[in-house]
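Asks: The following block contains a protein sequence and its predicted model.
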Amino acid sequence: MTTAAAQHDASGDAGPAQANASARVEFRVSPASYKHWRISVEGPVATLVMDVDEQGGLVPGYELKLNSYDLGVDIELYDAVQRLRFEHPEVRTVVITSGKPKIFCAGANIRMLASSAHGWKVNFCKFTNETRNGIEDATANSGQTYLAAVNGTASGGGYELALACEHIMLVDDRSSAVSLPELPLLGVLPGTGGLTRVSDKRHVRRDLADYFSTRPEGIGGRKAVQWRLVDEAVPRPRWDETVAQRAAELAGRSSRPQDAAGVDLTPLDKTRDDEVISYSFVSARLNRDAGSVEILVRGPAGDPPASIGEAAREGTGFWPLAVTRELDDLILDLRTNENELGTWVFRTEGEAARVLAYDDFLLANAGDWFGNEVLHYLKRVLRRLDVTSRSLLAVIEPGSCFAGSLLELALAADRSFQLAGVFEDTDPDADPAAVTLGEINFGPLTMSNGLTRLQTRFWGDDAGLAAAGKRRGTALEAEDAADLGLITFAPDDIDWDEEIRIAIEERASFSPDALTGLEANYRFAGPETMETKIFGRLTAWQNWIFNRPNASGPDGALRRFGTGQRAQFDRKRV
């Protein structure tokens, strides 16, 4: 029996079906509530042990056998990765391993996938991709190198989890192997970047990769090392000693501070009902009739602290960290729980000068571990927004603070509207609506394509990018912002409400599927990266394959898996 096939026995066809659409998913967790992971820290080395509770599925209808996972398992993993970055500055190496004998991870739970709605599958894969990209980001930018100690067989998503780590160690016991069995067993592709990482990250030769991905039992031992599928194969008698040695070596390369105090990620202050989601700096009003969400982001109430040490002592009350955490949770909540609200309308409120002051404070302290973590967290949350399959509109009015880091919300939008002037009938003495470029818009907040949103916006137009750069720090009213190409439309107050209404109604009248494809194509101009490939292929190929009867039909491979019956394939190539 293959490791993937061993996830489930064939008894019973009950599954979650629509259960995952009836209850809201909560992304706020903490180690005290984990069901599936254990964290231990010993000096510069942390160990994340995956020990999945078989009966701890997010919804009823399946058992999480052999360390297979569902969304709930990955929500805990995401939380653990975040906590290690913020709460443990002393940690330099993170070892991911299994708490179960002879099995590392059997990948995504197949019965869960087979019985879930299509949108659930895609959002699940998107979130797991983002979590694994976060692991790679921690290795690249935080000095926390991830090591996969694969102490048993890793198949499908289990191997993809290992692929996200910088170094992969496989136990060499003549039975453990790594595999990507999705194509031969399930009629789908690996959903968490496996094919891309095999070719682009590990540089496995194309012919070997092709063979590997059609071999359900996988590859182990020396051959796995020779083919670059893992970095080393270690006999079981020397396993613990070698893992500890390798973790110590990786820790020795890091510049993480040894004596800094961590910042506790305290529980988010959040209220939620069917109409409103509220945090300290972010709120959202759900308009179900229009199929839209009105999102308001508030700027800081005061000036930045005097030092980065004081900022760390403020902890989760430090405005850039607070607003980033709230945006992160809101995006995940809406994306998972409100999939019929297809248009998100962003507004901001506050003083642009204070936003820019906090941005400059972060940039000046980017060399500090805490400042660095906040900057990269903001980068990752904005990237999460970029890959979200919702139409994004930005509405810029008097009193807005679309400046610097918050201007990124408008630059991420599919369209932006800036009021030309003021609302003459209601507040003629207000300062006109303005946007302000800051230094942060030209630096660390890159998209998945490796470019800033400004560079992406002006791809192929170096003169336009240079012209915008000369106006940084200037409050740009609608006419100037439109001339520079920073906004889409600049209606006056007479047409304002009508323009916004028409834009929202128009979006709601289009095919959501076609909009997802349109937006995904236009948002990532410029060079292709491993990250854009992963999300592009998920949006296009995997999305399509998940919908096809060969995978998800009544006689498809996902439905027939574990029943003892062979899938019935439509043999036509399209």
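Replies: Okay, I see it.
Asks: just checking, Asp269 touches Phe281?
Replies: No: using C-beta atoms under 8 Å, Asp269 is not in contact with Phe281, being 10.1 Å away. No exception for glycine: its C-beta is placed from N, CA and C like everyone else's.
Asks: who has more neighbours, those two?
Replies: Between Asp269 and Phe281, counting by other C-beta atoms under 10 Å, Phe281 is the more crowded of the two (20 against 11).
Asks: Hmm, Glu326 and the more buried one touching each other?
Replies: Yes: applying C-beta under 8 Å as the test, Phe281 and Glu326 come out as touching, 5.8 Å apart.
Asks: Which other helices and strands does the longest helix along the chain contact?
Replies: Longest helix in the chain by number of residues, with DSSP state H as the criterion: helix 118-141. Packed against helix 118-141, as judged by 3 or more C-beta pairs under 8 Å, 6 or more residues apart in numbering; DSSP states H and E, are the following elements: helix 71-87, strand 145-150, helix 157-163, helix 319-337, helix 369-386, helix 530-537, helix 543-547.
Asks: any low-confidence regions in this structure?
Replies: Regions of the chain meeting the criterion pLDDT under 70 cover residues 1-22.
Asks: tell me, what residue is most central in it?
Replies: Most central residue of the chain, judged by C-alpha distance to the mean C-alpha position with C-alpha atoms, centre = their mean, is Glu130 at 2.7 Å.
Asks: show me what contacts it?
Replies: 78, 380, 383-384, 387 (C-beta atoms under 8 Å, 6 or more residues apart in numbering).
Asks: Now Phe458: closest residue in space that isn't a chain neighbour?
Replies: Leu465 (3.9 Å; C-beta to C-beta, 6 or more residues apart in numbering).
Asks: Isn't the one you found up against Thr456?
Replies: No: assessed by C-beta under 8 Å, Leu465 is found out of contact with Thr456, at 10.0 Å.
Asks: what about those two, which has more around it?
Replies: Counted by other C-beta under 10 Å, Leu465 and Thr456 do not tie: Thr456 has more neighbours, with 21 against 18.
Asks: Around Glu439, how many other residues sit close by?
Replies: By other C-beta under 10 Å, 15 other residues sit near Glu439.
Asks: ok, it touching Asp359?
Replies: Yes: counting by C-beta under 8 Å, Glu439 touches Asp359, with 6.9 Å between them.
Asks: any residues in contact with both of the two?
Replies: What both Glu439 and Asp359 touch, as defined by C-beta under 8 Å, 6+ apart, is the set Gly404.
Asks: Quick one: residues contacting Asp328.
Replies: Counting by C-beta under 8 Å, 6+ apart, Asp328 touches 377, 381, 384.
Asks: hang on, the earlier thing: hey, C-alpha coordinates of the longest helix of the chain in CSV?
Replies: In CSV, the C-alpha atoms belonging to helix 118-141 read as follows (Å, rounded to 0.1, in the frame of the first residue of the first chain):
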residue,chain,number,x,y,z
HIS,A,118,-14.4,23.5,-5.3
GLY,A,119,-13.9,26.9,-3.8
TRP,A,120,-12.9,25.3,-0.5
LYS,A,121,-10.2,23.2,-2.2
VAL,A,122,-8.7,26.2,-4.0
ASN,A,123,-8.7,28.5,-0.9
PHE,A,124,-7.2,25.7,1.1
CYS,A,125,-4.4,25.3,-1.4
LYS,A,126,-3.9,29.1,-1.5
PHE,A,127,-3.5,29.4,2.2
THR,A,128,-1.1,26.4,2.5
ASN,A,129,1.0,28.0,-0.3
GLU,A,130,1.2,31.3,1.5
THR,A,131,2.2,29.5,4.7
ARG,A,132,5.0,27.7,2.9
ASN,A,133,6.1,30.9,1.2
GLY,A,134,6.3,32.4,4.7
ILE,A,135,8.6,29.6,5.8
GLU,A,136,10.9,30.4,2.9
ASP,A,137,10.7,34.1,3.7
ALA,A,138,11.8,33.4,7.3
THR,A,139,14.8,31.5,6.0
ALA,A,140,15.7,34.3,3.5
ASN,A,141,15.0,37.4,5.5
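Asks: in it, what's buried?
Replies: Buried residues in helix 118-141, counted by 16 or more other C-beta atoms under 10 Å: 119-139, 141.
Asks: what's the answer for stretch 391-401, then?
Replies: Going by 16+ other C-beta under 10 Å, stretch 391-401 has these buried residues: 391-398, 400-401.
Asks: Now do the phi/psi pair for the closest residue in space to Arg256 that isn't next to it in sequence.
Replies: Spatial nearest neighbour of Arg256, excluding adjacent residues (C-beta to C-beta, 6+ apart): Gly143 at 4.2 Å. The phi/psi pair for Gly143 (degrees, to the nearest 10) reads phi 70, psi 20.
Asks: ok, which stretches of the stretch 351-500 of the chain are strands?
Replies: 391-396, 402-403, 415-418, 435-436, 475-476 (DSSP state E, counting those that start in this stretch).
Asks: closest to Phe86 out of those strands?
Replies: strand 402-403 (25.7 Å; C-beta to C-beta).
Asks: What segments of the stretch 401-550 of the chain are helices?
Replies: Under the criterion DSSP state H, counting those that start in this stretch, the stretch 401-550 of the chain contains helices at 407-412, 453-457, 462-470, 478-484, 496-509, 512-522, 530-537, 543-547, 549-552.
Asks: what residues does the second one touch?
Replies: Contacts of helix 453-457 from elsewhere in the structure, counted by C-beta under 8 Å, 6+ apart, are 382, 408, 411-412, 437, 441-442, 445, 447, 449, 465, 468, 485-486, 523-526.
Asks: filter these to the buried ones?
Replies: Using 16+ other C-beta under 10 Å, the buried members of the contacts of helix 453-457 are 382, 408, 411-412, 437, 441, 445, 447, 449, 465, 468, 486, 523-524.
Asks: how about those, which pair is most distant?
Replies: Looking at those by C-beta to C-beta, the two members farthest from one another are Leu437 and Phe524, with 21.4 Å of separation.
Asks: Skip the chain neighbours and tell me the closest residue to Arg383.
Replies: Ser448 (5.6 Å).
Asks: Would you confirm that that neighbour contacts Asp386?
Replies: Yes: using C-beta under 8 Å, Ser448 is in contact with Asp386, at 6.5 Å.
Asks: anything in contact with each of these two?
Replies: What both Ser448 and Asp386 touch, as defined by C-beta under 8 Å, 6+ apart, is the set Phe524.
Asks: Which parts of stretch 501-518 count as buried, going by neighbours?
Replies: Neighbour counts over stretch 501-518 (16+ other C-beta under 10 Å) mark 503-504, 507-508, 512, 515-516 as buried.
Asks: Stretch 200-215 too?
Replies: In stretch 200-215, counting by 16+ other C-beta under 10 Å, buried: 200, 204, 208-209, 212-213, 215.
Asks: re earlier: which of the contacts of Glu130 ranks first by neighbour count?
Replies: Neighbour counts for the contacts of Glu130, by other C-beta under 10 Å, peak at Val387, which reaches 24 neighbours.
Asks: I'd say that one and Phe535 touch.
Replies: Yes: counting by C-beta under 8 Å, a contact exists between Val387 and Phe535, whose distance comes to 4.9 Å.
Asks: any shared contact partners between these two?
Replies: 126, 448, 520.
Asks: Which one of the residues you listed is nearest to Glu531?
Replies: Of those, the one sitting nearest to Glu531 (C-beta to C-beta) turns out to be Ser448, at 4.1 Å.
Asks: Please report how far the closest one lies from Arg390.
Replies: Ser448 sits 16 Å away from Arg390, going by C-beta to C-beta, to the nearest Å.
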